[in-house]
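Engineer: Requesting a structural model of the entry that follows:
(one chain, ligands or ions: 2)
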Amino acid sequence: GTDKAAVIARIKQLLLEKDVALVAHYYVDGDIQDLALETGGMVADSLEMARFGKSHPAKNLIVAGVRFMGETAKILSPEKRVFMPDLDATCSLDLGCDASDFAKFRAAHPDRVVVVYANTSAAVKAQADWMVTSSCALAIVHQLNLAGKKILWAPDRHLGRYIQEQTGADMLLWNGACIVHDEFKAVELDLLMAQYPNAMVLVHPESPQAVVDLADVVGSTSAMIKAVVEGSATEYIVATDKGILHRMQQLAPHKKLIEAPTAGNSATCKSCAHCPWMAMNGLQGILDCLENASGEIFVDEPIRVAALSCIERMLDFTK
Ligand code: 13P
Ligand code: SF4
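Structural biologist: Ligands and ions are numbered 1, 2, ... in the order given. Just a heads-up that it's a prediction; the model follows:
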């Protein structure tokens, strides 16, 4: 309605006036993704978000996503002020990997290279040798394995298992999961595939093994979008947060996108996959960042410095 249009217009004006860049993840509301693109910001996966925040010349960033994304931006750009529409937007992987428990796990296995997923707190990253995201995890672990390294991996057990299978690396896995992707079910997906026999099946590697095993393409959010844009199929079954369909459909308007089923649902997906924390990002939250400087992210300096090297190592590797 007009209220929404007025809020969007006001946000656009303030982004410009206050020298703020808006960067959004593919899982947040479509209006926010559009706003980021229309204002010279970016919609991206977690790897590209980190790189964008660091390289953008704006003095301030608003990160529409979940907490670890805002923290990573702040760690990489301490000279920038970094804001989030809702500081309570977290991630089940981050919640399930307490920094002091992780310290014990790590201390028990000093012979292993510590590789942590982006979806962790700054305090966990501060203990890691490498940070990875789903778009570069495979390549980085592959290289570590070639160098003869044994790996300690946290926190997503499905992604860890998938990478272990693909690389043959010796990996000790933390027992974490994403509550959104963990809900995709192979039996229901199989039924859907029978209904759409020509559909290409795209699966995010945070999904359980039985679901990953049915995929034509396993990859990060950006890899899944690329697969739809470049794929020769006309129908695609998408097993990740439904927020991604907005951008996917914009980039591939003539292709049919079908949401993969979660627990208890079949072809007619009733409670489709959507991250409750990504859903906390709203236009009003963005406006509050701009008008009231609310939602600012701070990372303690000793933790920031300790966490920085594992992120920079990843950015150098993926350059
Ligand atoms: P991507 O790095 O693939 O964007 O994934 C981030 C995430 O939170 C997936 O649930
Ligand atoms: Fe975390 Fe899963 Fe939400 Fe991504 S979708 S932020 S991994 S809970």
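Engineer: Phi, psi for the nearest residue to residue 312 once chain neighbours are set aside please.
Structural biologist: Spatial nearest neighbour of residue 312, excluding adjacent residues (CB to CB, 6 or more residues apart in numbering): residue 76 at 7.8 Å. The C-beta positions use only the backbone N, C-alpha and C, and glycine is treated the same way. Dihedral pair for residue 76: phi -80, psi -30, per degrees, to the nearest 10.
Engineer: State the pLDDT value of residue 261.
Structural biologist: For residue 261, the model assigns a pLDDT of 89.
Engineer: Would you check that it makes contact with residue 187?
Structural biologist: No: applying CB atoms under 8 Å as the test, residue 261 and residue 187 come out as separate, 9.0 Å apart.
Engineer: ok, these two, which is more surrounded?
Structural biologist: Counted by other CB atoms under 10 Å, residue 261 and residue 187 do not tie: residue 261 has more neighbours, with 27 against 10.
Engineer: quick one, domains of the chain?
Structural biologist: 2-90+278-297, 93-173, 181-259 (automatic domain parsing).
Engineer: Make JSON lines from those domains and add distance to ligand 1 to it.
Structural biologist: Listed next are those as JSON lines, based on distance: least, CB to the nearest ligand atom, whole Å:
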{"stretch": "domain 2-90+278-297", "distance to ligand 1": "3"}
{"stretch": "domain 93-173", "distance to ligand 1": "4"}
{"stretch": "domain 181-259", "distance to ligand 1": "3"}
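Engineer: closest one to residue 319 among those?
Structural biologist: domain 2-90+278-297 (9.1 Å; CB to CB).
Engineer: ok, the closest one near ligand 2 or not?
Structural biologist: Yes: judged by CB under 6 Å from any ligand atom, domain 2-90+278-297 comes into contact with ligand 2 through 66, 278.
Engineer: do the same with stretch 92-108
Structural biologist: Yes: Stretch 92-108 lies within reach of ligand 2 by CB under 6 Å from any ligand atom, at 92, 93.
Engineer: Next up, the contacts around the residue nearest to residue 312.
Structural biologist: The contact partners of residue 76, by CB atoms under 8 Å, 6 or more residues apart in numbering, come to 50, 53, 54, 308, 311, 312.
Engineer: between those residues, which is closest to ligand 2?
Structural biologist: For those, the minimum distance to ligand 2 (CB to the nearest ligand atom) is 14.4 Å, reached by residue 50.
Engineer: out of the contacts of residue 76, which are buried?
Structural biologist: 50, 53, 54, 308, 311 (16 or more other CB atoms under 10 Å).
Engineer: about what we covered before: quick check, nearest of the contacts of residue 76 to residue 215?
Structural biologist: Nearest to residue 215 among the contacts of residue 76, with distances taken as CB to CB, is residue 50, at 25.5 Å.
Engineer: Now do the same contact list for that closest one.
Structural biologist: Counted by CB under 8 Å, 6+ apart, residue 50 has contacts 69, 72, 73, 76, 118, 133, 311, 315.
Engineer: I'd like to know how far it sits from residue 248.
Structural biologist: Relative to residue 248, residue 50 is positioned 22 Å away (CB to CB, to the nearest Å).
Engineer: for residue 68, same thing?
Structural biologist: 23 Å.
Engineer: likewise residue 278?
Structural biologist: Counting by CB to CB - residue 278 and residue 248 are separated by 16 Å.
Engineer: So the closest residue to residue 103 other than its chain neighbours: helix, strand or coil?
Structural biologist: In space, and not counting its chain neighbours, residue 103 is closest to residue 127: 6.2 Å by CB to CB, 6+ apart. Following DSSP: H, G, I helix; E, B strand; the rest coil, residue 127 is assigned to coil.
Engineer: What pLDDT is listed against residue 127?
Structural biologist: With respect to pLDDT, residue 127 has a value of 98.
Engineer: what does the one 10 residues further on give?
Structural biologist: pLDDT recorded at residue 137 is 98.
Engineer: pLDDT score assigned to the residue lying closest to it once chain neighbours are set aside?
Structural biologist: Computed as CB to CB, 6+ apart, the closest residue to residue 137 that is not its neighbour in sequence is residue 163, at 5.6 Å. Note on residue 163: pLDDT of 98.
Engineer: name the element residue 163 belongs to?
Structural biologist: helix 157-167 (DSSP states H and E).
Engineer: starting at the chain centroid, how far to that helix?
Structural biologist: 17 Å (CA atoms, centre = their mean, to the nearest Å).
Engineer: what about the stretch 151-300 of the chain, any weak spots by pLDDT?
Structural biologist: 264-272 (pLDDT under 70).
Engineer: which residues of it fall in strands?
Structural biologist: 151-154, 171-173, 200-203, 217-218, 235-239, 256-259 (DSSP state E, counting those that start in this stretch).
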